[in-house]
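Visitor: below are the sequence and a predicted model; questions follow.
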Amino acid sequence: MAYGVSFAFGLALGLLGIAAIASLPDPPLAADPERRGLGSLLTLPFKDRRFRPVFIFVSCWSFVNHLATPFFIVYMLGQLHLSLGTTMLFTALSQ
């Protein structure tokens, strides 16, 4: 039951988000005066010295979080005897 309710709630919020984003006005795109290619645009943030520590931290945090989450879910269900709904709530809040 908790899984179905959580799924329906997530679906409703997702559809609400799509409607909210669709209602935003889209400003016209300005042409790039330097005519950079896609490769140079994708590597541009990594050339900023202030961005690199943030990128490394977020990458490590995301890797460790995704590595530990499956084991922690089993621990919450098996050892702490939490309900599936509570476990799903904690998992969603940790994202």
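Guide: That came through fine. Numbers count the residues shown, from 1 in each chain.
Visitor: helices or strands up against the helix or strand of the chain with the lowest mean pLDDT?
Guide: Taking mean pLDDT, DSSP states H and E as the measure, the helix or strand of the chain with the lowest value is helix 84-93, at a mean of 86. When contacts are defined as 3 or more Cβ pairs under 8 Å, 6 or more residues apart in numbering; DSSP states H and E, helix 84-93 packs onto helix 2-22, helix 51-78. Backbone N, C-alpha and C define where each C-beta goes, glycine included.
Visitor: and the first one, how far out from the chain middle?
Guide: Which is helix 2-22. Relative to its chain's centre, helix 2-22 lies at 15 Å (Cα atoms, centre = their mean, to the nearest Å).
Visitor: list the buried residues in it.
Guide: Going by neighbour count (16 or more other Cβ atoms under 10 Å), the buried part of helix 2-22 is Ser6.
Visitor: what are the contacting residues of the helix or strand that comes right after that helix?
Guide: On the C-terminal side of helix 2-22, the closest following helix or strand by DSSP states H and E is helix 38-43. The set of residues that contact helix 38-43 without belonging to it, under Cβ atoms under 8 Å, 6 or more residues apart in numbering, is empty.
Visitor: give me the number of residues near Met88?
Guide: In terms of burial, Met88 registers 19 neighbours under the definition other Cβ atoms under 10 Å.
Visitor: excluding chain neighbours, what is closest to Arg52?
Guide: When the adjacent residues along the chain are set aside, Arg52 lies closest to Phe46, with 6.7 Å between them (Cβ to Cβ, 6 or more residues apart in numbering).
Visitor: where does the one you found sit: helix, strand or coil?
Guide: Secondary structure, DSSP: H, G, I helix; E, B strand; the rest coil: Phe46 is helix.
Visitor: what's the burial count for it?
Guide: As a measure of burial, Phe46 has 10 neighbours, counting by other Cβ under 10 Å.
Visitor: Pro53 is in contact with that one, correct?
Guide: No. With contact defined as Cβ atoms under 8 Å, Phe46 and Pro53 do not form a contacting pair (11.8 Å).
Visitor: contacts for the least confident helix or strand of the chain?
Guide: Outside helix 84-93, the residues that touch it by Cβ under 8 Å, 6+ apart are Met1, Ala2, Tyr3, Val5, Ser6, Thr69, Ile73, Met76, Leu77, Leu82.
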